[in-house]
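Peer 1: 3D model of this:
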Amino acid sequence: MEKIELYIVTLTHSVTQSSNYAVVMGEVDGNRRLPIVIGGFEAQAIAVAMEGMVPSRPLTHDLLKNTLDTFEIEVSEILINNLIEGVFHARLVCTQHGREFEIDSRTSDAIAMAVRYGCPIYTYDFILDAAGVRIEDTVAEETEGEGEKEEAKPKRRQRGYAEYSVDDLTAMLQKVIGEEDYEKAAKIRDEIKKRNEEKS
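Peer 2: This next block holds a predicted model:
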């Protein structure tokens, strides 16, 4: 079966399951999207690596990467290889001293490892056909909701951060990273970035 390469389009709250998140994968050479519902911990693990944050202590996926690195095992690619009763299945394709082997994995964990290794993510056509969404199918909906989205954006940002100085925000950022609250850290970082852009 021919493999289809994917990339991470976005990481967002799940529309169907409010307590969970969704990582939306996009087809590199196509127009299909593959939304995958994941838990909050896994979403945090992916977001931390995507944002280049360095936690004070290694998260579980960092620990796994450090362990694999110690034994000179490299994750060369991720393969989302099956969809059974609505559940995605994945494998880590690893190499060690020229030998290739595969390790079974939850898809969310596999994506978290892919971000850390910077390796490609693949799937098969039958999975995209079964669970994917074509972009043109949602263009009309997105266009209709555009005005609402523009108005909703400021509500997502914590307005309280505007009351703090950049120095205070920087100190607060270090504190929440130390507490491993990466969702709050991302919001504070965005506020600092916004202030710096306003100055320049």
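
Peer 1: might one say that residue 20 is in contact with residue 42?
Peer 2: No - judged on C-beta atoms under 8 Å, residue 20 makes no contact with residue 42 at a distance of 9.3 Å. Quick note: C-beta positions are derived from backbone N, CA and C, even for glycine.

Peer 1: least confident secondary structure element in this structure?
Peer 2: Scoring the helices and strands of the chain by mean pLDDT, DSSP states H and E places helix 146-156 at the bottom, with a mean of 37.

Peer 1: other SSEs contacting the helix or strand following it?
Peer 2: Following helix 146-156 in sequence order, the next helix or strand is helix 166-178 (DSSP states H and E). Judged by 3 or more C-beta pairs under 8 Å, 6 or more residues apart in numbering; DSSP states H and E, the packing partners of helix 166-178 are helix 182-199.

Peer 1: need the residues that contact the helix it packs on.
Peer 2: 44, 47-48, 51, 53, 55, 157-158, 161-162, 166, 169-170, 172-173, 176-177 (C-beta atoms under 8 Å, 6 or more residues apart in numbering).

Peer 1: distance from that helix to the middle of the chain?
Peer 2: Between the centre of helix 182-199 and the centre of its chain there are 19 Å (C-alpha atoms, centre = their mean, to the nearest Å).

Peer 1: may I see the buried residues of that helix?
Peer 2: Across helix 182-199, burial judged by 16 or more other C-beta atoms under 10 Å covers 182, 184-189, 191-192.

Peer 1: mind saving the C-alpha coords of it as PDB?
Peer 2: The C-alpha coordinates for helix 182-199 follow below in PDB (Å, rounded to 0.1, in the frame of the first residue of the first chain):
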ATOM      1  CA  TYR A 182       2.100  24.700  29.400                       C
ATOM      2  CA  GLU A 183      -1.300  25.900  28.300                       C
ATOM      3  CA  LYS A 184      -1.000  29.000  30.400                       C
ATOM      4  CA  ALA A 185       2.600  29.400  29.400                       C
ATOM      5  CA  ALA A 186       1.600  29.500  25.700                       C
ATOM      6  CA  LYS A 187      -0.900  32.300  26.400                       C
ATOM      7  CA  ILE A 188       1.700  34.300  28.400                       C
ATOM      8  CA  ARG A 189       4.200  33.800  25.600                       C
ATOM      9  CA  ASP A 190       1.700  35.000  23.000                       C
ATOM     10  CA  GLU A 191       1.100  38.200  25.100                       C
ATOM     11  CA  ILE A 192       4.800  38.900  25.400                       C
ATOM     12  CA  LYS A 193       5.200  38.300  21.600                       C
ATOM     13  CA  LYS A 194       2.300  40.700  20.900                       C
ATOM     14  CA  ARG A 195       3.900  43.400  23.100                       C
ATOM     15  CA  ASN A 196       7.200  43.000  21.300                       C
ATOM     16  CA  GLU A 197       5.600  43.200  17.900                       C
ATOM     17  CA  GLU A 198       3.800  46.400  19.000                       C
ATOM     18  CA  LYS A 199       7.100  48.000  20.000                       C
END
